[in-house]
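Novice: Provide a 3D model corresponding to the input given below.
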Amino acid sequence: MLKITKTVEYALIAVRHINNKNSVCSSREISSSYNIPHEIMAKTLQKLCKIGYIYAIKGSHGGYYLNISIDKVNLIEFIENIEGPVGIVQCSTNNNCDLIKICNIKAPIHKINNNIRKVLSKVSLYELAN
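Specialist: Have a look, this model is predicted:
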């Protein structure tokens, strides 16, 4: 089964929450709104800060706000910035496979992977946030 990681899922939830709130949001506010453990949300928000998608304001009235225009970021870009290359099998993103020279499904798998990437590249964060 193909699925996104919890980190990506929580990052999408956080970006959507911050975008819809249109103001500074705390990690505690976001985590309690979606029943996500606070420590996990805090780490996810730190990762989003490091990548540059959000900005953190420190202090008692601090929190997070968007640092990007979400209509300019597509889903594949977002996922890969958080988790690394997207591939349905390991050889889609890495050529360290013992069977690569004799593999008889390499071409169709790469075609499927490229189609998945194309679809994800056509979806912007803005579409997910609204």
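Novice: This protein - how does it break down into domains?
Specialist: For the chain, automatic domain parsing gives the domain ranges 6-66, 70-129.
Novice: Give me the distance between the first one and the centre of its chain.
Specialist: Its chain's C-alpha centre lies 13 Å from the corresponding centre of domain 6-66 when counted by C-alpha atoms, centre = their mean, to the nearest Å.
Novice: What mean pLDDT does it get?
Specialist: Domain 6-66 shows a mean pLDDT of 94.
Novice: Same question for the last one.
Specialist: When pLDDT is averaged along domain 70-129, the result is 87.
Novice: distance between the ends of that domain?
Specialist: With C-alpha to C-alpha, to the nearest Å applied, domain 70-129 spans 8 Å between its terminal residues.
Novice: on that earlier part again, Serialize the domains of the chain to a markdown table and add fields for mean neighbour count.
Specialist: Heads up, the C-betas are built off the backbone N, CA and C, glycines and all. Below are those laid out as a markdown table (neighbours: other C-beta atoms under 10 Å):
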| stretch | mean neighbour count |
| --- | --- |
| domain 6-66 | 16 |
| domain 70-129 | 14 |
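Novice: From the centre of this protein, point out the most distant residue.
Specialist: residue 102 (33.7 Å; C-alpha atoms, centre = their mean).
Novice: gap between that one and residue 114?
Specialist: Going from residue 102 to residue 114 by C-beta to C-beta, to the nearest Å gives 22 Å.
Novice: Likewise for residue 128?
Specialist: Separation of residue 128 from residue 114 (C-beta to C-beta): 22 Å.
Novice: Contacts for the helix or strand hosting residue 116 next, please.
Specialist: Here residue 116 sits within helix 106-121, counting by DSSP states H and E. For helix 106-121, contacts defined as C-beta atoms under 8 Å, 6 or more residues apart in numbering pick out 2, 74-77, 79, 86-89, 91-92, 100.
Novice: That one: how far from the chain's middle?
Specialist: Offset of helix 106-121 from its chain centre (C-alpha atoms, centre = their mean): 18 Å.
Novice: what's the next secondary structure element after it?
Specialist: Counting by DSSP H and E, the next helix or strand C-terminal to helix 106-121 is helix 125-129.
Novice: What segments of this protein are helices?
Specialist: 6-21, 27-33, 38-51, 75-83, 106-121, 125-129 (DSSP state H).
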